[in-house]
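**Student:** sequence first, predicted coordinates after that:
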Amino acid sequence: MLLDSDFLIMVLRKDPKALSKLEEIRDKSKGIAISYVNLWELYKGAYKSSRPEEEIKKISILVSFFTLLEFTKKVDQEFGKLLNQLNNDGKPIGVLDTLIASIALNYNKTVVTKNVKHFERTGVKIESW
């Protein structure tokens, strides 16, 4: 499983549905992962907050529980291919979501997200919550 930033944000906010889904995923999945894209988005939010130091500590604790998937040449290649495909179809989803989808495709991970509309265009497996 590859967690999308929308899901991680709700876990940080202690949303009961997100926490329940995280427990469900933990019980059925051998490997829960995040990406550098998630970190970028989480840190962006932390620095926008009125308490950035506190938010950064929360992020550090949360992400320590997950595998961090690396960028590879295959991910980069998949990103270029997918970005062009989505643009050519007239259905771009944004660079960051395209990166997350490329990582999921490369590592054969299911994306856990509420942003189903974007990811369903990419060919990744999706699990909504």
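**Tutor:** Thanks, I have the structure now.
**Student:** all helices for this protein, in order.
**Tutor:** Assigned by DSSP state H, the helices in the chain fall at 5-12, 16-28, 36-48, 52-63, 73-88, 95-107, 116-119.
**Student:** just put the ones you listed in a markdown table and tack on distance to Glu127.
**Tutor:** For the C-beta atoms, the positions are set from N, CA and C on the backbone; glycine is no exception. What follows is the helices of the chain, written out as a markdown table (distance: least, Cβ to Cβ, whole Å):
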| stretch | distance to Glu127 |
| --- | --- |
| helix 5-12 | 10 |
| helix 16-28 | 8 |
| helix 36-48 | 16 |
| helix 52-63 | 19 |
| helix 73-88 | 19 |
| helix 95-107 | 11 |
| helix 116-119 | 9 |
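**Student:** so what's Lys30 scoring on pLDDT?
**Tutor:** pLDDT, Lys30: 76.
**Student:** tally up the residues packed near it, please.
**Tutor:** 5 (other Cβ atoms under 10 Å).
**Student:** now the one 4 residues further on
**Tutor:** The criterion is other Cβ under 10 Å. On that basis, Ile34 has 24 neighbouring residues.
**Student:** what does Val124 give?
**Tutor:** For Val124, using other Cβ under 10 Å, the count is 20.
**Student:** buried deepest among the helices of the chain, which one?
**Tutor:** helix 95-107 (a mean of 22; mean count of other Cβ atoms under 10 Å).
**Student:** any idea how far Asn115 is from the residue nearest to Arg121 when sequence neighbours are not counted?
**Tutor:** If the residues on either side of it in the chain are set aside, Arg121 comes closest to Lys91, at 5.4 Å by Cβ to Cβ, 6 or more residues apart in numbering. The spacing between Lys91 and Asn115, counted by Cβ to Cβ, to the nearest Å, is 14 Å.
**Student:** ditto for Ile100
**Tutor:** 9 Å.
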